[in-house]
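Trainee: sequence and computational prediction follow.
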There are 2 protein chains.
Amino acid sequence: MTLYELGETAIVNRIVKRLDIEFEDCAIMDLTDTEYLVATTDMFHRVTDFPDEMSAWQIGWMCAAATLSDIAAMGARPQGMLVSIGLPDIESAFVDSMIEGMDACVRGCGTAIIGGDTDSHQELTICGTALGRVPKDRILRRRGANVGDLVCVTGRSGMAGAGMAALGKGLTEQEIRDSIAVKKFFEPIPRIKEGIRLAESGAVTAMMDNSDGLALSLHQLAEINGCGFRIRADMLPAIPEQEGLRDPDLALALYSGGDFELLFTVRAGRLADAMRACELTVIGEVTLEGVFIDGGGGDGSTIKEIEQRGYRSLVRPR
Amino acid sequence: MTLYELGETAIVNRIVKRLDIEFEDCAIMDLTDTEYLVATTDMFHRVTDFPDEMSAWQIGWMCAAATLSDIAAMGARPQGMLVSIGLPDIESAFVDSMIEGMDACVRGCGTAIIGGDTDSHQELTICGTALGRVPKDRILRRRGANVGDLVCVTGRSGMAGAGMAALGKGLTEQEIRDSIAVKKFFEPIPRIKEGIRLAESGAVTAMMDNSDGLALSLHQLAEINGCGFRIRADMLPAIPEQEGLRDPDLALALYSGGDFELLFTVRAGRLADAMRACELTVIGEVTLEGVFIDGGGGDGSTIKEIEQRGYRSLVRPR
């Protein structure tokens, strides 16, 4: 059987099982008696990961942001990034600008590009690896959610998806520059500060980033924790009206990807501590089983199952 | 100007200068008061990096070996490897075998694959990232060589090149299996143990791996250290006669790549300590300037400059 017949989830499951590794945003290693080193790697390709409208600078930025988002999801402090680049025969100014964008994002997260590798390749391919460190008694993993915990997110789920949808309508260059959602899609800001502060708060029980979309992330948390979720549609953060979308657009909020926001669970009595750590929105609670969305006023009449589908690739198929 | 007009060395120089990073086999970070963390990343592509004759298992092995070789070159102990894989629609058995080869190499080096990423891509692309740790007072860098130091190598420079040359003659499958040089080319063993023991010996002043070929590696060391080298042709380790090559074949020993051996300099009075650390061959000495090979009996009559050219890509062009 070929890989594409199997599907990506099945491939990853095979590899993960064979190597006996865990599903986490980062690999975790002992650093000292009191600290962990966390490390993550992500690969990006020109055609499948970057819309045509993105600039070289934004391509560099997004690679760094997507990679560092996994460090944020563990509550860790970034400790450097490595970058391997497969380069086609493009203008050297493009590469300069891409490196500048990458560097700007990495520096904005308080760290630096510390090494890398280049070779020639027919399609621009970038592989980012980020390192971080986090106190052992503060690290946040995907496992740890308890029934009754509150489900929270940073930012607005579906913003990047709204940007993608807006691009699909054929915006002018000016409209692309003016769109908050396109900016969020093209230049996501990794939630490093928020992740560290949430870890320090001691209020968070489980965390991951929602880059594959809220729905898939919830299902992943449900499986790892052996729990369920009940999300309240009316509590999902609104997407700005200027994007010309229904408010909130449920399909976007649940099934679009590329947001790089944090999704986490908070002990019921500790919400105030989490709210002191960063801006967040409570969107539901941890239940015994099933991943549901309550679309109405909470009377149970409009409860629907959230489908287990997500959005691995960031751009529309061509 | 496009990248290919500039050339890879110029591209790397531009990026390195822009980011203010150093030319080392690994990036180096503070871990504790007494230890460094080292990290390296390498990208490989099906067409340019792996000969047709290589099995899936060998492709996995070589990726791991090439990446871990950079950890060995710092005298560090491996602490895990991350792997990003861009996968075309190939048989899943191919991927299983590739992961097995990678895992075997990594385990043989006393560590494990601890995380990764997969996505779909038109050409098989693998990006390996390896981490290591090393005591601060033991780390071996490219800088540190002094005039009068002895130049040493592990293994036999040119073995992988001999394997490549043998393949070019159109070997049968049985001949490929029987060839020591092809085996060395397809399944290089990273010199982890040797690197650690050389670092512990305190006898080594500078070290790197020779994966780009002996000539280019010597020129890189000469530039970083502001020194020269005089290599003795008659001291270069011989390549086995069965490969049907002149013994030693100078062009292979100097200008072919893919060996993943260690190239290092040893304080003149400390050779015995280095020899207790691992099997090595003295091939020359550090001089004031110029990178030369003494092809004759050492009377100076046959001294030639070693050209500054190397071998970044591991396979013959198609």
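Mentor: It's in.
Trainee: from here on, contacts and neighbour counts on C-alpha atoms
Mentor: OK.
Trainee: so where do the strands sit in chain A?
Mentor: Taking DSSP state E, the strands of chain A run over residues A:27-30, A:35-45, A:77-87, A:113-120, A:125-135, A:150-153, A:204-209, A:228-232, A:262-266, A:281-287, A:291-294, A:303-305.
Trainee: and these, which one is worst for confidence?
Mentor: With a mean of 87, strand A:113-120 has the lowest mean pLDDT of those.
Trainee: count of neighbours near whichever residue of the stretch 151-300 of chain A sits closest to chain B?
Mentor: Chain B sits closest to residue A:212 of the stretch 151-300 of chain A, with a gap of 12.9 Å, by Cα to the nearest Cα. A count of nearby residues for residue A:212, using other Cα atoms under 10 Å in any protein chain shown, gives 21.
Trainee: so how far is residue B:15 from the nearest residue to residue A:56 once chain neighbours are set aside?
Mentor: Nearest residue to residue A:56 in three dimensions, chain neighbours excluded: residue A:98, at 4.7 Å (Cα to Cα, 6 or more residues apart in numbering or on different chains). Distance, residue A:98 to residue B:15, by Cα to Cα, to the nearest Å: 10 Å.
Trainee: more crowded one of the two?
Mentor: Taking neighbours as other Cα under 10 Å, residue A:98 and residue B:15 compare with residue A:98 leading, 21 against 18.
Trainee: list the residues that contact the more buried one.
Mentor: A:56, A:57, A:58, A:59, A:60, A:61 (Cα atoms under 8 Å, 6 or more residues apart in numbering or on different chains).
Trainee: and these, which is closest to chain B?
Mentor: Checking the contacts of residue A:98 one by one against chain B (Cα to the nearest Cα), the nearest turns out to be residue A:60, at 12.9 Å.
Trainee: for residue A:197, which non-adjacent residue is closest in space?
Mentor: That would be residue A:277: by Cα to Cα, 6+ apart, it lies 5.1 Å from residue A:197.
Trainee: the one you found is in contact with residue A:194, isn't it?
Mentor: Yes: between residue A:277 and residue A:194 a contact is recorded at 6.9 Å, counting by Cα atoms under 8 Å.
Trainee: common neighbours of those two, please.
Mentor: Applying Cα under 8 Å, 6+ apart, one finds that no residue jointly contacts residue A:277 and residue A:194.
Trainee: run a quick neighbour tally on residue A:270.
Mentor: When neighbours are counted by other Cα under 10 Å, residue A:270 comes out with 15.
Trainee: let's see the pLDDT reported for it.
Mentor: pLDDT for residue A:270: 97.
Trainee: how near is it to residue B:140?
Mentor: With distances taken as Cα to Cα, residue A:270 is found 49 Å from residue B:140.
Trainee: go on, residue A:202?
Mentor: From residue A:202 to residue B:140 the distance is 41 Å (Cα to Cα).
Trainee: again with residue A:87
Mentor: Note on residue A:87: its distance to residue B:140, by Cα to Cα, is 30 Å.
Trainee: ok, now residue A:122?
Mentor: Residue A:122 sits 36 Å away from residue B:140, going by Cα to Cα.
Trainee: out of residue A:202 and residue B:140, which sits in the busier spot?
Mentor: Counted by other Cα under 10 Å, residue A:202 and residue B:140 do not tie: residue B:140 has more neighbours, with 28 against 18.
Trainee: what residues are up against the residue in the stretch 51-200 of chain A positioned nearest to chain B?
Mentor: In the stretch 51-200 of chain A, the residue that lies nearest chain B is residue A:91 (4.1 Å; Cα to the nearest Cα). Residue A:91 makes contact with B:1, B:2, B:3, according to Cα under 8 Å, 6+ apart.
Trainee: and the residues you listed as JSON lines, adding distance to residue B:308 and neighbour count?
Mentor: JSON lines is the format used below for the contacts of residue A:91 (distance: Cα to Cα, whole Å; neighbours: other Cα atoms under 10 Å in any protein chain shown):
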{"residue": "B:1", "distance to residue B:308": "24", "neighbour count": "10"}
{"residue": "B:2", "distance to residue B:308": "23", "neighbour count": "15"}
{"residue": "B:3", "distance to residue B:308": "20", "neighbour count": "19"}
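Trainee: how about the helices in chain A?
Mentor: Ranges of helices in chain A, per DSSP state H, are A:3-6, A:8-19, A:46-49, A:56-72, A:92-108, A:159-168, A:173-178, A:180-186, A:192-201, A:214-225, A:250-255, A:271-277.
Trainee: burial-wise, tell me which of the ones you listed comes out on top.
Mentor: Burial of the helices of chain A is given as mean neighbour count (mean count of other Cα atoms under 10 Å in any protein chain shown); helix A:56-72 ranks first at a mean of 27.
Trainee: what is the orientation angle of that one with strand A:35-45?
Mentor: Orientation of helix A:56-72 against strand A:35-45 (axes from the mean of the first three to the mean of the last three Cα atoms, to 10 degrees) gives an angle of 150 degrees.
Trainee: pull the contacting residues for residue A:177.
Mentor: For residue A:177, the contact set (Cα under 8 Å, 6+ apart) comprises residue A:183.
Trainee: adding distance to chain A and pLDDT, write the contacts of residue A:91 out as CSV.
Mentor: Shown next, in CSV, are the contacts of residue A:91 (distance: Cα to the nearest Cα, whole Å; pLDDT from 0 to 100):
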residue, distance to chain A, pLDDT
B:1, 6, 74
B:2, 4, 76
B:3, 5, 73
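Trainee: ok so, going back, does the residue of the stretch 151-300 of chain A closest to chain B touch residue A:261 like I think?
Mentor: No: the criterion here is Cα under 8 Å, and residue A:212 misses it with residue A:261 at 10.3 Å.
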